[in-house]
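Could you work out the structure for the sequence below:
(chains A and B)
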Amino acid sequence: GNSVTQMEGPVTLSEEAFLTINCTYTATGYPSLFWYVQYPGEGLQLLLKATKADDKGSNKGFEATYRKETTSFHLEKGSVQVSDSAVYFCALSDPNSGTYKYIFGTGTRLKVLA
Amino acid sequence: ETGVTQSPTHLIKTRGQQVTLRCSSQSGHNTVSWYQQALGQGPQFIFQYYREEENGRGNFPPRFSGLQFPNYSSELNVNALELDDSALYLCASSTGTSGVAGGNEQFFGPGTRLTVL
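Just a heads-up that it's a prediction; the model follows:
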């Protein structure tokens, strides 16, 4: 079945460091791909999305490119801030389920130190 | 435009009890999906309602049931609560299942945190 695999956390970085969080997926068809962020005690906020191969989603300095050949959607940011500390979820919208339900990865916790 | 809202914010129940969680979808959205997020895990799809009918279900037992109203708001009901039902329950609304290529974007509410003692 369809699935999303994220790198294990936690990821601890110093402020202004470069961030990469790996995400790979397994899906038949052409899913949309998403990154969500969850701050402590809160719900999910959409960070960025891509709906077809080679699309690049970007928001607040974060970027991810939909790579169909490697089935990946890695999240990157050139210079992280303490305020980026949160849990990041990669997700796909399942095109074959009839519901476009989301399938999420297990999440990667990011901690940025001042 | 009002976003997705959920109530209550927090809830504490005891094992064996029943609970109802509520969700108001975003204006213009006719589809509501429910997810369960256990501590330290990603959200898991429970079921979806489209125009008041259940439109798909994840791997959850029948004691998880739902309802969607004519105004497209929704309820999630859980009977015979178990300790493992303790989780954050997220509601997401979207514009419909027969969406544009690439699927419909879902808009999430803040969640209801359920604790079962």
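
which secondary structure element contains A:Arg109?
strand A:108-113 (DSSP states H and E).

in that strand, what's buried?
A:Thr108, A:Leu110, A:Val112 (16 or more other CB atoms under 10 Å in any protein chain shown). (C-beta placed from N, C-alpha, C; glycine too.)

Out of the residues you listed, the closest to chain B would be?
A:Thr108 (10.1 Å; CB to the nearest CB).

wait, doesn't that closest one sit right on A:Val11?
Yes - contact status for A:Thr108 versus A:Val11: in contact at 6.1 Å, counting by CB atoms under 8 Å.

Spell out which residues are contacts of both of the two.
A:Ile21 (CB atoms under 8 Å, 6 or more residues apart in numbering or on different chains).

For B:Asn30, list the residues it contacts.
B:Tyr50, B:Arg51, B:Tyr72, B:Thr95, B:Gly96.

ok, which of those also contact chain A?
B:Tyr50 (CB under 8 Å from any CB of the partner chain).

can you tell me which two in the contacts of B:Asn30 are farthest apart?
B:Arg51 and B:Thr95 (11.6 Å; CB to CB).

which neighbours do these two share?
In contact with both B:Arg51 and B:Thr95: B:Asn30, B:Thr31, using CB under 8 Å, 6+ apart.

More neighbours: which of the two?
Set B:Arg51 next to B:Thr95 and count neighbours by other CB atoms under 10 Å in any protein chain shown: B:Thr95 wins out with 17 against 12.

Quick check: that one touching B:His29?
Yes - using CB under 8 Å, B:Thr95 is in contact with B:His29, at 5.6 Å.

before we move on, back to that, sort out which of the contacts of B:Asn30 are in helices and list them.
Applying DSSP state H to those, no entry is found in helices.

could you dump the contacts of B:Asn30 to CSV with pLDDT?
Listed next are the contacts of B:Asn30 as CSV, based on pLDDT from 0 to 100:
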residue, pLDDT
B:Tyr50, 87
B:Arg51, 86
B:Tyr72, 91
B:Thr95, 81
B:Gly96, 64
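
Among the contacts of B:Asn30, which one sits closest to A:Tyr66?
Using CB to CB, B:Thr95 is the member of the contacts of B:Asn30 that lies nearest A:Tyr66, at 21.7 Å.
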